[in-house]
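*Asks:* Sequence plus predicted model, see below.
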Amino acid sequence: MKKLVTATLAGAFLLSSSLAFADRIEDAQDYREGIFHALKWHFGPLAAMAKGKMPYDAKMAQHHADMMVVLSPMVPEGFIEGSQGGDAKDEIWEDPEEFQEHAMELDKAVADLKSAAGSLDTLKPAVAAVGKSCKGCHDEFRED
Ligand code: ASC
């Protein structure tokens, strides 16, 4: 009887932890999509300022660039093993080094953006570099 109780408890624990892990995998897609949406939220006004579609505002530009510096390193964590799917191509998991390289490129471009946000002249090329980094990764690793 004691053995049965122990086995039942162990089984219940394993089941609940694997269910929790299944949630974790599902949550990973939401997590990474959330980070990308937040990056887009902050990049949108910067791109608009760079293109002259919104008046340049140094304080706002700095804020959005600062937020992107926080968000960018959060991206790779959303691509845990088993969370393949959504817009993410399998190549991310097949060539993690290449993916990591793109992620580090974004970190670098965003750090440059933070330094460049103080004037429109410096903001423009820095925005272009971030856009290029986004596109480079999307071309390779995102489903159209
Ligand atoms: C954006 C956005 C992207 C990138 C990409 C750059 O504003 O949402 O995914 O720029 O379009 O080419």
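*Replies:* Ah, there it is.

*Asks:* Sketch out the low-pLDDT regions of this protein for me.
*Replies:* 1-16 (pLDDT under 70).

*Asks:* OK, contacts around the most centrally placed residue in it?
*Replies:* Centre of the chain computed as the mean C-alpha position; nearest residue by Cα atoms, centre = their mean is Val75, 2.8 Å away. Under the criterion of Cβ atoms under 8 Å, 6 or more residues apart in numbering, the neighbours of Val75 are 32, 35-36, 39, 103, 106. Glycine gets a C-beta too; all of them are placed from N, C-alpha and C.

*Asks:* buried stuff in the strand or helix carrying Val130?
*Replies:* Per DSSP states H and E, Val130 falls inside helix 120-141. Using 16 or more other Cβ atoms under 10 Å as the burial criterion, the residues of helix 120-141 that qualify are 120, 123-124, 126-127, 129-130, 133-134, 137, 141.

*Asks:* just those now: which is nearest the ligand?
*Replies:* Nearest to the ligand among the buried residues of helix 120-141: Cys134, at 3.7 Å, using Cβ to the nearest ligand atom.
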